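Peer 1: quick one: sequence and predicted model below, then my questions.
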Number of protein chains: 2
Amino acid sequence: MNNKDIIVRKSLGEIIAGYLKKDIYNKKIKFGERLIEADLAERFDVSRSTIREAFKILEQEELVFSKSRKGTFVSDFTEQDLNEMIELRLIIEPRAFVNAVSILNEENFRDLEQMIEKMKDTAEKSDWNALFDLDMQFHQYVVSMSDNSRMIKIYESINVQMRVYLAHLDQYYSSPKSFYQEHKELFDTLLKKDASLVEKKTIEHITNVGEKLLQNSSGD
Amino acid sequence: MNNKDIIVRKSLGEIIAGYLKKDIYNKKIKFGERLIEADLAERFDVSRSTIREAFKILEQEELVFSKSRKGTFVSDFTEQDLNEMIELRLIIEPRAFVNAVSILNEENFRDLEQMIEKMKDTAEKSDWNALFDLDMQFHQYVVSMSDNSRMIKIYESINVQMRVYLAHLDQYYSSPKSFYQEHKELFDTLLKKDASLVEKKTIEHITNVGEKLLQNSSGD
DNA sequence: TTTATGTCGATTGTCGACAAACAACTAATT
DNA sequence: AATTAGTTGTTTGTCGACAATCGACATAAA
């Protein structure tokens, strides 16, 4: 699965990109904030070239963007962005899920079940941050089973952006328990391996998330 | 439209990325070829940093990819890639086209008609390279009218990759005339502004292209 | 007060250099 | 002959420095 992590000596840039990503997740770096190469270079004790290398990675995930000669900024996600992401998820994810249905094997289902279990525990602790990570992990796992590398990559990008969006909400749209419940249902549907049912349920799930989030953000 | 090009002093990296892109389109750089930073730095008389900057741009369009410590390589597009691209186009483009229908105004239609006209002329000259550029331009124009910046960006990437794929075929799947005809029909359908008709026709168009290309490449 | 011009510190764009990793080859060992 | 270890030239990773550009403030002109 994550053959990425096996004995891969990461470059400094990759490592630092990872740190910065976490900082964005954890709101240590805020929306729209300007990232100054020299400052970060000093903070991580590396050269500016390396920081640029890290920026390049984050840029590909659209977590930051750089304006020519103006600097690099943390992306800020608005309601409009949420709308765009939901629209995209609605056309990509059902297809990916349906594709995945015919590919998922028993081992995969065990992996997924484990995530769902962990989600249940985490929901009881009301640890939203961990819940969001599991949510992201679950969806990405299924999508990764579709055999379209481009689709997987695109979804990964949206997923990360959704993650950041969620992290920056100051109140959440539902209880941890119903958050878990939603995913449990989705998982159960997958188990049935019925393509049209999966499609329907996936659309329902995403629509649901979207509606609740939009409702939530309008009351900010 | 292309406010990008107005008095924007491009950075050296951007300029060089443009040159390299053309070289890839024109098959001066081949599939899978390794791009050596130092060589390019010398060729363009810039530093390696600048070449890296150019790579970063091309990487975002997925025209090249870099393996850690191994170098940067020109992407090579196989039949599998074509399949992936078609699958993606089939879910993105109909939606984008339908969205666009309600947004396109008279000026837009004039722009589009002009492209179609130019395509007709170009078809008579059997200038495939120019035809492909017009094809790309036409589709991108319509997709750009959908109000989802992410969708636009994703489509742009696929579009460029399709362009490279087409450029590297050594024989083309149909006559220039029928290539034009196809697009003329698509344009006429857009004119009718009937959402469900547009959706149907768009799917048909892409399916058609996909089938012909696959048929073609299997006989390579 | 408003607009235009000039100055200065902060920040990015670009450069060339050195160190580390890699690939291809040769020599040595089994 | 096949494997291992050493050698060398090539290429990428990372660094620090200088030049160009930007943004903010101050000053001058309208």
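Peer 2: On my side now, so go ahead.
Peer 1: now do the buried residues in the helix or strand hosting A:Glu117.
Peer 2: Element membership of A:Glu117, judged by DSSP states H and E, is helix A:106-124. For helix A:106-124, a neighbour-count test (16 or more other Cβ atoms under 10 Å in any protein chain shown) marks A:108, A:112, A:115-116, A:118-120, A:122-123 as buried. Where C-beta positions appear, they are placed from N, C-alpha and C, glycine not excepted.
Peer 1: can you put those in TSV and add distance to B:Gly71 and pLDDT?
Peer 2: Converted to TSV, the buried residues of helix A:106-124 look like this (distance: Cβ to Cβ, whole Å; pLDDT from 0 to 100):
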residue	distance to B:Gly71	pLDDT
A:Asn108	34	97
A:Leu112	37	97
A:Met115	37	97
A:Ile116	42	97
A:Lys118	40	97
A:Met119	41	97
A:Lys120	46	96
A:Thr122	42	96
A:Ala123	46	95
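Peer 1: can you pick out the most distant pair from the residues you listed?
Peer 2: Farthest apart among the buried residues of helix A:106-124 by Cβ to Cβ are A:Asn108 and A:Ala123. That separation is 22.5 Å.
Peer 1: now the buried residues of helix A:106-124 in a markdown table, with distance to chain B?
Peer 2: Formatted as a markdown table, the entries for the buried residues of helix A:106-124 read as follows, by distance: Cβ to the nearest Cβ, whole Å:
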| residue | distance to chain B |
| --- | --- |
| A:Asn108 | 21 |
| A:Leu112 | 23 |
| A:Met115 | 26 |
| A:Ile116 | 27 |
| A:Lys118 | 30 |
| A:Met119 | 27 |
| A:Lys120 | 32 |
| A:Thr122 | 29 |
| A:Ala123 | 30 |
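Peer 1: does the host helix or strand of A:Leu82 reach chain B?
Peer 2: Assessed by DSSP H and E, A:Leu82 sits inside helix A:79-101. Yes - contact between helix A:79-101 and chain B, assessed by Cβ under 8 Å from any Cβ of the partner chain, occurs at A:84-85, A:87-88, A:91-92, A:95.
Peer 1: what about chain A, any weak spots by pLDDT?
Peer 2: Low-confidence segments of chain A (pLDDT under 70): A:1-8, A:216-220.
Peer 1: what's near enough to touch A:Lys192?
Peer 2: When contacts are counted by Cβ atoms under 8 Å, 6 or more residues apart in numbering or on different chains, A:Lys192 touches A:Val198.
Peer 1: so how far is chain B from it?
Peer 2: Distance of A:Lys192 to chain B, given as Cβ to the nearest Cβ, to the nearest Å: 23 Å.
Peer 1: count of neighbours near the closest residue to A:Asp127 other than its chain neighbours?
Peer 2: Nearest residue to A:Asp127, sequence neighbours excluded (Cβ to Cβ, 6 or more residues apart in numbering or on different chains): A:Pro176, at 7.9 Å. Residues contacting A:Pro176 under the criterion other Cβ atoms under 10 Å in any protein chain shown number 19.
Peer 1: what sits against A:Pro176?
Peer 2: The contact partners of A:Pro176, by Cβ under 8 Å, 6+ apart, come to A:122-124, A:126-128, A:131.
Peer 1: how does it look with 10 Å?
Peer 2: A:119-120, A:122-128, A:130-131 (Cβ atoms under 10 Å, 6 or more residues apart in numbering or on different chains).
Peer 1: ok, A:Glu37 next?
Peer 2: With Cβ under 10 Å, 6+ apart as the criterion, the residues that contact A:Glu37 are A:47-52, A:54-55, A:71-72.
Peer 1: which of these has the most neighbours?
Peer 2: Going through the contacts of A:Glu37 with other Cβ under 10 Å as the criterion, the one with the most neighbours is A:Ala54, at 28 neighbours.
Peer 1: residues in contact with that residue?
Peer 2: With contacts defined as Cβ under 10 Å, 6+ apart, the neighbours of A:Ala54 are A:11-21, A:35, A:37, A:40, A:44, A:46, A:64, A:72.
Peer 1: the nearest residue to A:Ala195 once chain neighbours are set aside: how many residues sit nearby?
Peer 2: The shortest distance from A:Ala195 to any residue that is not its chain neighbour, by Cβ to Cβ, 6+ apart, is 5.1 Å, and that residue is A:Val98. Other residues near A:Val98 come to 17 when the count uses other Cβ under 10 Å.
Peer 1: A:Val98 against A:Val198, yeah?
Peer 2: Yes - applying Cβ atoms under 10 Å as the test, A:Val98 and A:Val198 come out as touching, 5.7 Å apart.
Peer 1: could you see whether DNA strand C lies near the helix or strand encompassing A:Phe73?
Peer 2: Under the criterion of DSSP H and E, A:Phe73 resides in strand A:71-74. Yes - residues of strand A:71-74 are located near DNA strand C by Cβ under 7 Å from any atom of the strand, namely A:71-72.
Peer 1: what packs against that strand?
Peer 2: The helices and strands touching strand A:71-74, judged by 3 or more Cβ pairs under 10 Å, 6 or more residues apart in numbering or on different chains; DSSP states H and E, are helix A:12-25, strand A:34-35, helix A:37-44, helix A:48-60, strand A:64-67.
Peer 1: and the first one, how far out from the chain middle?
Peer 2: This means helix A:12-25. Using Cα atoms, centre = their mean, to the nearest Å, the distance from the centre of helix A:12-25 to the centre of the chain it belongs to is 15 Å.
Peer 1: which elements pack onto that helix?
Peer 2: Using 3+ Cβ pairs under 10 Å, 6+ apart as the contact criterion, the secondary-structure elements in contact with helix A:12-25 are helix A:37-44, helix A:48-60, strand A:64-67, strand A:71-74, helix A:128-144, helix A:149-167.
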